[in-house]
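[1] give me the fold of what follows.
(2 chains, ligands or ions: 1)
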Amino acid sequence: MSDWYRDFANSGVGGTLTKQLGLPRPAVLRRYEPGEPLLPGPAVIGSAEEGRLREQLSSVLKDAGVSVLSPVAADGSGDGEKLAAVLLDATGLTGPADLAAVHDFLAPALKRLRPSARVLVLADPPSAAPSPAEAAARQALDGLVRSIGKELRNGATANLIYVPAGAEGSIASPVRFFLSGRSAYVDGQTVTLAGADVPAGEDDDKPLAGKVAVVTGAARGIGASIARVMARDGAHVVAVDIPMAGQSLADVANEIGGTAFQLDITAADAAPRLIEHLRERHAGVDIVVHNAGITRDKLLVNMDAERWNSVMAVNLQAQLDITQALLDADGVLKAGARIVCVTSQSGISGNRGQTNYSASKAGIIGMVRAWAPTFAQRGATINAVAPGFIVTEMTAKMPFGTREVGSRLNSMQQGGLPVDVAETIAWLSQPGSAGVNGQVVRVCGQSLIGA
Amino acid sequence: MATTEKPATQKPAPRRAAIVGGNRIPFARSNSRYAQASNQDMLTATLDGLVARFGLQGQQLGEVVAGAVLKHARDFNLTRESVLGSRLAATTPAYDVQQACGTGLEAALLLANKIALGQVESGIAGGVDTTSDAPLAVNDDLRRVLIQVNAARSVQDRLKALAGIRPGMLAPEIPRNAEPRTGLAMGEHAQVTAHEWEIGREEQDELTVRSHQNLAAAYDRGFFDDLVTPYLGLARDQNLRPDSSVEKLATLQPVFGRVLPPGAEATMTAGNSTPLSDGASAVLMGSDEWADAHGLPVLAHLVDGQTAAVDYVHGGEGLLMAPVYAMPVMLARNGLTLQDFDFYEIHEAFASTVLATLKAWEDPAFCKGRLGLDAPLGSIDRSKLNVNGSSLAAGHPFAATGGRIVAGLAKQLHEAGPGRRGLISICAAGGQGVVAILES
Ligand SMILES: NC(=O)c1ccc[n+]([C@@H]2O[C@H](COP(=O)([O-])OP(=O)(O)OC[C@H]3O[C@@H](n4cnc5c(N)ncnc54)[C@H](O)[C@@H]3O)[C@@H](O)[C@H]2O)c1
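    Down below sits the predicted model:
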């Protein structure tokens, strides 16, 4: 799906024109390609007071072959190279006064960013702060990072990772994700890590090698993209969709060397059938992506029971039932399993005409948070991903004006692509993401809606 | 995970071929949803659906055997061309067979026998037919002229040859669903048999309604979710009428009966006869070891099969009665009686054919006189017959019916548990019939 305006704004004439008229200038985002380096240029690592993550951050970057420059001086002098990433270890903050150091470090560095650069701040979570002053400083970072996200241009993103004591071993995979092209459309997000047994020795090219992944709603749209990315990352994908969608489901499965499993996830026996299939054919499952979802829009006052019930059944109840059945079935959910539930921006912000849809999607968030401790006990995780405006065949059918406005109401000034959602889900599915649990990650380019 | 077929290096003791699963496209009515699809299109799509279901992308199988009853000249290597267009490894050998409506089951028997003898480890048996994209033959006289034109050496000679074309030659020859030796439509033959066996209109209509109801119920309970892949926007068999009723069927006019004796009642209608249809089916089979090595299930084994033919031209036997003859031979060889089965699949070419077949097996005089049996084969429990619907409801793209039945019965037996037996009986044009036994 082409973004005509983005392409225009990046052309010779278009570039001049949009600049002079002060129009938005959406960038061509840096997206992940297998084999590419983590970052296309050097990074700097700074810290506010004495942080405890510097060493670790340096070694994550070193392992990825990123060259780390010394922080840019306040006057902007340095060795002149443009930065692909700016990392700040803010775990040393003790109160609001320390935030000045944050400003001192970031301001000059942000002047020297390359296109699609990354700003990543790591701090202790406010909830665990020993004093109100410390909680204030930690929470302040949230506002700061979100504002930086809005200030940045040219495809750059800013995100925040809260690292509680004991979760230090969990940072490598999230740090790599937020720096890489996989997070192209993830902006202004906060993720809180947990301590976990993180397996060592990740294969960066095929992080999902040997894994069996179920993706529901895989016949088209975002689900098909998730299936492709999972397969690219090494997983065997069991592509699930309603029998009606079987022909395109088979095409997707054949394209990626996966298998097609036609199943209406709302059928009374859907969970036992899926479990039987996974047992018989794959001796279990490592990853389940609950992506299938439907909309049946109407104002609440005009909504019939059928619209309400069908949306609840597909979007929420099926996710609950299948997940519960997987937990109950002996030996099917493999050690270190990953569940990723697709929710929506509408589940966070609400949307006119989508009471049923928003309720179902908000319900998913509640479900994921409630289940996280259960999954943690099994060394597994469950997370939610909330897409914003994602360009699909569905949005291509929207009226031109609505689509154009909808797609620009975010810090990236463009709609996201299905692959952006898929990359985030594939990241959460990695063995190395063991410390990311019960989180809701928005893939919305820092949408203004529900922010 | 591209794998290569590894045939046995030593002759194994004969073994039973395993049925792993199947795939078909929904069957469409003639000149409707699949009007633009060729045999090769449909067979390729069906193979690809099977590949997707079982993760066979890039794999080399022992062989693919399939066929079509109505074929274009360009379809001479239909199955091999379909394999080349599919996601299977291009190194998978393939060949065509044709035994009219018995094609699909005969293909499964051929493959099963090769697996049993260790000549292949895995393979696909299938069939396809279109009555929409049927081959039109050029009028024989025109064909001769065109061959002369082609052979002519000079322009003058060519023009001279072309001048031999007469308007009458331009009418194409359309293939007909008629027996070449009698000139009678298959339905006419079946109507005569129905009359001889005194098969009434109402029992035919009742059987038809059950076929529709059973097929609809099977779809509703998701039975076909792993047996069918939608094609060109069709997700269920187009001929299926879930609300079919004896009352509605009773309003239809008989369509055959041209050669009935005076005063005999014509009982066969468009409702209780299968319609012309388009579609394709495929069954994945292998040795138990092959299935196990690929993490694939074994639904059932193909135990045995038997073919028979009758002389319907001069021998006074009904065109579609050959399975009646094949059955006792196969049962005796396996030490089984007609009642030793949990499910029966009798292809519903016409409702009357199924009923005449059952009646013949129950008839002491017939069984003694024609089949040479001391006692009749007896009757079957009708509640075990065509439990997931059959051709009257699904439609009957000739060569595709065998694969539909084999895969469906194998799944039904698997669901019922180990050690269950199923029986298949399929009649075919030319006075032929194929029967087979499956066991879970
Ligand atoms: N496209 C967006 O902008 C956007 C934004 C936010 C959230 N989402 C969410 O992302 C997910 C995918 O959306 P999409 O845009 O790709 O939608 P889509 O309609 O293109 O695809 C959804 C798929 O789910 C399948 N499905 C529906 N009901 C099913 C059932 N009962 N059983 C099995 N499969 C079923 C459909 O057949 C379809 O193939 C949905 O959960 C949606 O709510 C999308």
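[2] residue B:379: neighbouring residues, count only.
    12 (other Cβ atoms under 10 Å in any protein chain shown). Quick note: C-beta positions are derived from backbone N, CA and C, even for glycine.
[3] now do the one 4 residues further on
    Burial measure for residue B:383: 7 neighbouring residues, criterion other Cβ under 10 Å.
[4] and it, what's its pLDDT?
    pLDDT recorded at residue B:383 is 97.
[5] try residue B:122
    So residue B:122 comes in at 98 (pLDDT).
[6] test my guess that it contacts residue B:289.
    No - judged on Cβ atoms under 8 Å, residue B:122 makes no contact with residue B:289 at a distance of 9.9 Å.
[7] neighbour-wise, which of the two wins?
    Applying other Cβ under 10 Å to residue B:122 and residue B:289 shows that residue B:122 carries more neighbours, namely 30 against 14.
[8] which ones are touching the more buried one?
    B:5, B:61-62, B:115, B:284-287, B:290 (Cβ atoms under 8 Å, 6 or more residues apart in numbering or on different chains).
[9] count the neighbours of the residue in chain B that the ligand sits nearest to for me.
    Across chain B, no residue is closer to the ligand than residue B:225, which sits at 10.9 Å (Cβ to the nearest ligand atom). Other residues near residue B:225 come to 18 when the count uses other Cβ under 10 Å.
[10] what's the nearest residue to it if we skip its chain neighbours?
    Nearest residue to residue B:225, sequence neighbours excluded (Cβ to Cβ, 6 or more residues apart in numbering or on different chains): residue A:262, at 4.6 Å.
[11] just confirm the one you found contacts residue A:241, I think it does.
    Yes - judged on Cβ under 8 Å, residue A:262 makes contact with residue A:241 at a distance of 6.8 Å.
[12] tell me the contacts of the residue lying closest to residue B:334 once chain neighbours are set aside?
    Closest residue in space to residue B:334, ignoring its immediate chain neighbours: residue B:304 at 5.6 Å, by Cβ to Cβ, 6+ apart. Contacts for residue B:304 (Cβ under 8 Å, 6+ apart) come out as B:330, B:333-334, B:436-437.
[13] that older thread, which residues are common contacts for residue A:262 and residue A:241?
    Common neighbours of residue A:262 and residue A:241 (Cβ under 8 Å, 6+ apart) are residue A:249.
[14] residues near the spatially closest residue to residue A:232 that is not a sequence neighbour, how many?
    Closest residue to residue A:232 apart from its sequence neighbours, by Cβ to Cβ, 6+ apart: residue A:34 at 6.6 Å. A count of neighbours around residue A:34, defined by other Cβ under 10 Å, yields 9.
[15] so when I look at residue A:34, I'm seeing a helix, right?
    No - applying DSSP: H, G, I helix; E, B strand; the rest coil, one finds residue A:34 to be coil, outside a helix.
[16] got any ranges where the chain has weak pLDDT?
    Went with chain A since none was named. Low-confidence segments of chain A (pLDDT under 70): A:1-2, A:72-79, A:202-203, A:451.
[17] you looked at the wrong chain, it should be chain B
    Across chain B, the ranges flagged by pLDDT under 70 are B:1-2, B:7, B:11-12, B:134-140, B:142-143, B:146, B:165, B:167-177.
[18] buried stuff in stretch A:394-404?
    Buried residues in stretch A:394-404, counted by 16 or more other Cβ atoms under 10 Å in any protein chain shown: A:395, A:403.
[19] what separates stretch A:158-171 from the chain centre, distance-wise?
    Centre-to-centre, stretch A:158-171 and its host chain are 16 Å apart (Cα atoms, centre = their mean, to the nearest Å).
[20] can you show me the CA trace of it as PDB?
    Taking Å, rounded to 0.1, in the frame of the first residue of the first chain, the C-alpha atoms of stretch A:158-171 are listed here in PDB:
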ATOM      1  CA  ALA A 158      11.500   8.100  21.800                       C
ATOM      2  CA  ASN A 159      10.600   5.300  24.200                       C
ATOM      3  CA  LEU A 160      11.000   4.600  27.900                       C
ATOM      4  CA  ILE A 161      11.800   1.300  29.700                       C
ATOM      5  CA  TYR A 162      11.200   1.000  33.400                       C
ATOM      6  CA  VAL A 163      13.700  -1.500  34.900                       C
ATOM      7  CA  PRO A 164      12.800  -2.500  38.500                       C
ATOM      8  CA  ALA A 165      15.500  -3.800  40.800                       C
ATOM      9  CA  GLY A 166      16.100  -7.400  39.800                       C
ATOM     10  CA  ALA A 167      15.000  -7.000  36.200                       C
ATOM     11  CA  GLU A 168      18.400  -5.800  34.900                       C
ATOM     12  CA  GLY A 169      19.000  -9.200  33.200                       C
ATOM     13  CA  SER A 170      15.900  -8.600  31.100                       C
ATOM     14  CA  ILE A 171      16.900  -5.500  29.200                       C
END
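[21] what parts of the stretch 151-300 of chain A come near the ligand?
    A:216-217, A:219-223, A:241-242, A:245, A:264-266, A:291-294 (Cβ under 6 Å from any ligand atom).
[22] which among the residues you listed are in contact with chain B?
    Of the residues in these, proximity to chain B by Cβ under 8 Å from any Cβ of the partner chain holds for A:245, A:264.
[23] how is chain B divided into domains?
    B:142-170, B:186-222+B:303-439 (automatic domain parsing).
[24] okay if I get those domains as a markdown table plus distance to residue A:299?
    A markdown table is the format used below for the domains of chain B (distance: least, Cβ to Cβ, whole Å):
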| stretch | distance to residue A:299 |
| --- | --- |
| domain B:142-170 | 64 |
| domain B:186-222+B:303-439 | 33 |
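[25] point out the most buried one among these.
    domain B:186-222+B:303-439 (a mean of 21; mean count of other Cβ atoms under 10 Å in any protein chain shown).
[26] sorry, back to before: just the contacts of residue B:304: which are in strands?
    B:436-437 (DSSP state E).
[27] would you turn the contacts of residue B:304 into a markdown table with distance to residue B:277?
    Formatted as a markdown table, the contacts of residue B:304 follow (distance: Cβ to Cβ, whole Å):
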| residue | distance to residue B:277 |
| --- | --- |
| B:330 | 28 |
| B:333 | 34 |
| B:334 | 33 |
| B:436 | 22 |
| B:437 | 27 |
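[28] got the residue ranges for the helices in the stretch 1-150 of chain A?
    A:4-9, A:12-21, A:54-63, A:99-110, A:132-151 (DSSP state H, counting those that start in this stretch).
[29] all the helices of the stretch 251-400 of chain A, in order from the start?
    Ranges of helices within the stretch 251-400 of chain A are A:270-282, A:305-312, A:318-328, A:345-349, A:355-377, A:393-396, A:400-408, based on DSSP H, counting those that start in this stretch.
[30] greatest separation within the contacts of residue B:304: which pair is it?
    B:333 and B:436 (12.1 Å; Cβ to Cβ).
[31] what sits in contact with each of these two?
    Shared contacts of residue B:333 and residue B:436, counting by Cβ under 8 Å, 6+ apart, come down to B:304, B:306.
[32] which of the contacts of residue B:122 come close to the ligand?
    Counting by Cβ under 6 Å from any ligand atom, no member of the contacts of residue B:122 is near the ligand.
[33] from these, which is closest to residue A:158?
    Closest approach to residue A:158 among the contacts of residue B:122 (Cβ to Cβ): residue B:284, at 52.4 Å.
[34] what strand or helix carries the closest residue to that closest one other than its chain neighbours?
    The shortest distance from residue B:284 to any non-neighbouring residue, by Cβ to Cβ, 6+ apart, is to residue B:20 (4.3 Å). Take DSSP states H and E as the rule and residue B:20 turns out to sit in strand B:17-24.
[35] re the thing from before, do you know which of the helices of the stretch 1-150 of chain A lies nearest residue A:164?
    helix A:132-151 (10.8 Å).
[36] so how far is the closest one from its chain's centroid?
    The answer for helix A:132-151 is 20 Å, by Cα atoms, centre = their mean.
[37] where's residue B:335 relative to chain A, distance?
    Noted for residue B:335: a distance of 32 Å to chain A, by Cβ to the nearest Cβ, to the nearest Å.
[38] quick one: the helices in the stretch 101-250 of chain B?
    B:103-116, B:140-151, B:155-162, B:186-196, B:201-220, B:246-250.
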